[in-house]
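1. could you look at this predicted model? Sequence included:
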Amino acid sequence: MVAVGRFAILLALAVSLYGVVAALVGVRTRREKAVRSAEDALRAVAICLTVASIVLFRALLTHDFSLEYVAQYSSRSLSVFYTISSFWAGQAGSLMLWAWVLALYAAAVAHQNRHKNRDLMPYVAATLSAVTLLFTFLLAFSQNPFASLSVIPADGQGLNPLLQNYGQFFHPITVYMGYVGFTIPFAFCIAALATGNLGDAWVKTVRKWTLWAWLFLGIGIVFGGRWAYVELGWGGYWAWDPVENASLMPWLVGTAYLHSVMIQEKKGMLKIWNVSLAVGAFVLALFGTFLTRSGIVSSVHAFAESNVGPYLIAAILLVVLVSGWLIVYRLPELRSEAVMESAFSREASFLLNNLLLVAITFAVFWGTMFPVIAQAVRGVEVSVGPPFFEAVVGPIGIALIALVGVCPLLAWRKATGRNFRRNFRTPFAAGVVALGVFLVIIKGHRGLVGFLALSAFVTTTILVEFYRGAKVRRRIRGEGWTKALGRLFVFSPRRYGGYLVHFGVILLVLGIAIHMGFKHETRATLKIGETARVGGYTLRLDSITTSETPAKFALVAKLTVLDAKTNKRIGLMRPEKAFYENQEQPTTEVGIRSTVVEDLYVIIESADPVRRIASFAFLVNPAVFWVWFGGVIMLGGGLIVAWPMRRPEKEVSDARETAAASSAR
Amino acid sequence: MLGRPQRHRVRASALGRTFALSLAGAAVWLLAGPVSPGLPAPLHGTPMAARGMGGMTHAVLHAPRASLDEITSRLMCTCGCSLTLAACEVSMACSIAPRMKAEAAAMIEDGLSTDEIFDAFVADYGERVRAAPTKSGFNLVAWVFPFLGLAVGVGFVVIALVKWRGREGDSAVADSVSVPVDSKYLAAIEDEVKRGM
């Protein structure tokens, strides 16, 4: 079976190469047959890599330790759930996942466009085949998951305990579905540039692909944050780690693209900008892959250093050069078809929003790479951590959030001062009220108070938009408030789903800001029966027990959580310290008691069941719930926008008019 | 084209304001919830003996928290985690972070200023121990470039807007979406939709 896997990868490599050649021959000779053959090659590569993946899954599940990869990342005692997820736990397997997802996407594109975009498809097929060629090459010659061991071990080394979390199942898959998804807009963008068909066709074709890529990457980032929060050892939900930054950058550029492409669709403007963003998102996805695997920067999330770095950096340079040349070549045709009539308009605010998103991306990129630059220039190792990113990204991010509030208040084409003032009044009043209230409630933390007021302003803007939309629907269709609000998502998903995304972002950032401002910790060593006061809680150590499974030995502390005021029992927590087979360092499973107000987070530092004593770090993390809730709202909004819906033509025009009417008021 | 009755508009507008303000109030209440209980509370941990940090335990517990928090959030742990001391201590099973934190606490107890403490750590561990580059020499580039990039971007946008304004008269492309909508137009939409229903 292993030979089948190896052969499937080599065949995928050969067929990818054939796909590139066939597509280019099709372009040169204008032979449709050659182009169709290149598209068949995309399907064939998908089949090959599916076969290879099945073989690897089978090897993992049957504990075939003759394979180095299986021996390195799984063991007999590992559960089936984690054995499956060990597919992408290492360098080779994760590259395989990249290639497999890409091949499946490429086959879907070939199927989706079998009767349309025929002028673009030769270049789309060539580009997609070229990217699969890169990854199958890496699998075949650099990181082969089917490499064998000369001596077969009786058992594998097992999966790193930090990876034994449900996050390991969902986070990599969703991140890769996002990363890889940006290949499709890139391929169509290259096709549009190469053919000179720079109209709306490619933009409309890739809109959903970009949305889904953005959505999956967003889900992956939120899943990753949650995983890093509940599992000790990853640095918390966001640590501005290079690998975390690498996932954020294409997501930010994707966000910019999704906004600016609306201007192209509506007014035929910003074409140069949009092709640059489509290329940029793909380049940054490749760059993220490079950063995670090259060992160029140190990160808790990175794979072991390997030799794939030079190949990936060469690919990135090639993509930048070819795309850059094509953009310059097509500059005259990329000229805007319309003009921006006023700097005081919604179009202009979209432009500013794009600028800020790209500025944040650049700041993140620059901060991530600065240690490498400083090392090269000065020969000195420097660190760029949270204080830098918070100081640089923070102000730009606040400007961006303010713009989220201002944007809906501006009319398309040209806003008048009177119209703006009228729209501005209610959200501004809400902001002022919030400022007053929070100034009274919160002493100090002036920055946070200002941000809370800004959030109230932006939230009110969004809520007023929903109110206006529902009001118009009520008047026009006679619907009740609930139905009218619900129908806004059905008949104007792009607009109101988008507002929901904005609302989610506000909740998420608010959660982070409040958590950063008010988190506090207490450390204590307790004997059985002793208590520690932590914020509004009293924690009593009830017992220290041991538990043993084939995979691990664990020390488990049982703590009763009492309300500090009433002394009433409100919960039970069981943090543990686990010692896994084949692992030198123990791992710590935290105890978390989560409420909408705050999380009580307990880390067991050391425990001695004989002396009946244990040391703990107790953390009170306020508002963390809102980070996850905001993430869910944001992604739910994205899902509403991305979900394919067919609506009667009349309803579409009605929705458009409803939206136009509500926005203009 | 019919305008809506004045009375109706006033009522709708007042309703809108009331609705929005109620929601804002609700948001204030919602947001105020997590803040109040989360306000920094005094630490009430049971006094401990066995933290495994020897004589430093006392210093850690009683050092002025604001300074210690500031220092631990601006120093990197040297265990290889690429995290600040503050983050490493609460998110990794690390033995180095508590030791470094104890060193910082001892320096605070000795009356060293923040800068002196950073200098002492840099002397011991090198420049990489700072969680952000200094704002001097070549490191200044790290701080300036993002904002320089933003300024250049703003320049491009301004130039583009000026150019577009210059071309405004030439534009022959009709705008398919942005139609000036006023109350009269809205009334017309309503009539049209009602007729179609």
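-> Sure thing, it's come through.

2. please, which helix or strand holds the nearest residue to B:Gly149 once chain neighbours are set aside?
-> In space, and not counting its chain neighbours, B:Gly149 is closest to A:Phe362: 4.9 Å by Cβ to Cβ, 6 or more residues apart in numbering or on different chains. Yep, even glycine has a C-beta here, placed from its N, CA and C like the rest. Assigning secondary structure by DSSP states H and E places A:Phe362 in helix A:346-378.

3. against which helices or strands is that helix packed?
-> Packing partners of helix A:346-378 (3 or more Cβ pairs under 8 Å, 6 or more residues apart in numbering or on different chains; DSSP states H and E): helix A:242-267, helix A:271-294, helix A:386-406, helix B:140-167.

4. could you tell me the least trusted of the ones you listed?
-> Set side by side, these give their lowest mean pLDDT on helix B:140-167, at a mean of 88.

5. which one, of the helices and strands packed on helix A:346-378, ends up nearest to A:Phe141?
-> helix A:271-294 (14.9 Å; Cβ to Cβ).

6. in a markdown table, list the helices and strands packed on helix A:346-378 along with mean neighbour count.
-> Listed next are these as a markdown table, based on neighbours: other Cβ atoms under 10 Å in any protein chain shown:
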| stretch | mean neighbour count |
| --- | --- |
| helix A:242-267 | 24 |
| helix A:271-294 | 24 |
| helix A:386-406 | 19 |
| helix B:140-167 | 15 |
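
7. coming back round to it: I'd assumed B:Pro146 was in contact with the residue nearest to B:Gly149.
-> Yes. Assessed by Cβ atoms under 8 Å, A:Phe362 is found in contact with B:Pro146 at 6.0 Å.

8. got the angle for the helix holding A:Phe362 vs helix A:271-294?
-> Counting by axes from the mean of the first three to the mean of the last three Cα atoms, to 10 degrees, helix A:346-378 lies at 40 degrees to helix A:271-294.

9. buried residues, helix A:346-378. List them.
-> Within helix A:346-378, the residues scored as buried using 16 or more other Cβ atoms under 10 Å in any protein chain shown are A:346-371, A:373-374.

10. and it, what's its mean pLDDT?
-> Helix A:346-378 comes out at a mean pLDDT of 93.

11. centre of the chain versus it, how much separation?
-> Relative to its parent chain, helix A:346-378 has a centroid offset of 18 Å by Cα atoms, centre = their mean, to the nearest Å.

12. next, count neighbours for the closest residue in space to B:Trp164 that isn't next to it in sequence.
-> Nearest residue to B:Trp164 in three dimensions, chain neighbours excluded: A:Val339, at 4.1 Å (Cβ to Cβ, 6+ apart). Burial of A:Val339 is recorded as 21 neighbouring residues (other Cβ atoms under 10 Å in any protein chain shown).

13. would you list the phi and psi of A:Val339?
-> Phi and psi for A:Val339, reported as degrees, to the nearest 10, are phi -120, psi 160.

14. please report the distance of A:Ala89 from chain B.
-> Taking Cβ to the nearest Cβ, to the nearest Å as the measure, A:Ala89 falls 20 Å from chain B.

15. for A:Leu138, that is, sorry about that
-> Using Cβ to the nearest Cβ, A:Leu138 is found at 25 Å from chain B.

16. and what of A:Ala391?
-> In terms of Cβ to the nearest Cβ, A:Ala391 sits 7 Å off from chain B.

17. equivalent analysis for A:Leu139, please.
-> 28 Å.

18. so which residues of chain A form strands?
-> Remark: strands assigned in chain A by DSSP state E are A:520-527, A:531-534, A:537-548, A:552-563, A:569-573, A:576-580, A:587-589, A:591-594, A:598-608, A:613-622.

19. comparing those strands, which comes out most buried?
-> Most buried of the strands of chain A, by mean neighbour count (mean count of other Cβ atoms under 10 Å in any protein chain shown): strand A:613-622, with a mean of 24.

20. quick one: mean pLDDT for that one?
-> The average pLDDT within strand A:613-622 is 92.

21. tell me the strands beside that strand, with direction?
-> Under the criterion DSSP bridges, strand A:613-622 sits next to strand A:520-527 (antiparallel), strand A:598-608 (antiparallel) in its sheet.

22. those: which one's closest to B:Thr72?
-> Among the strands paired with strand A:613-622, if distance is taken as Cβ to Cβ, the winner is strand A:520-527, at 10.7 Å.

23. quick check: closest non-adjacent residue to A:Ser276.
-> Using Cβ to Cβ, 6+ apart, the closest residue to A:Ser276 is A:Ile327 (6.6 Å).

24. repeat that for A:Met369.
-> The shortest distance from A:Met369 to any non-neighbouring residue, by Cβ to Cβ, 6+ apart, is to A:Val297 (7.8 Å).

25. and what of B:Arg165?
-> Counting by Cβ to Cβ, 6+ apart, the nearest residue to B:Arg165 once its immediate chain neighbours are dropped is A:Val339, at 7.1 Å.

26. just A:Phe135 next, same as before
-> Here the nearest residue to A:Phe135 in space, its sequence neighbours aside, is A:Ala99; by Cβ to Cβ, 6+ apart that works out to 3.8 Å.

27. so what's the one you found up against?
-> A:12, A:49, A:132, A:135-136, A:139 (Cβ atoms under 8 Å, 6 or more residues apart in numbering or on different chains).

28. from the residues you listed, which two are the most distant?
-> Spatial extent of the contacts of A:Ala99 (Cβ to Cβ) is set by the pair A:Thr132 and A:Leu139 at 10.2 Å.
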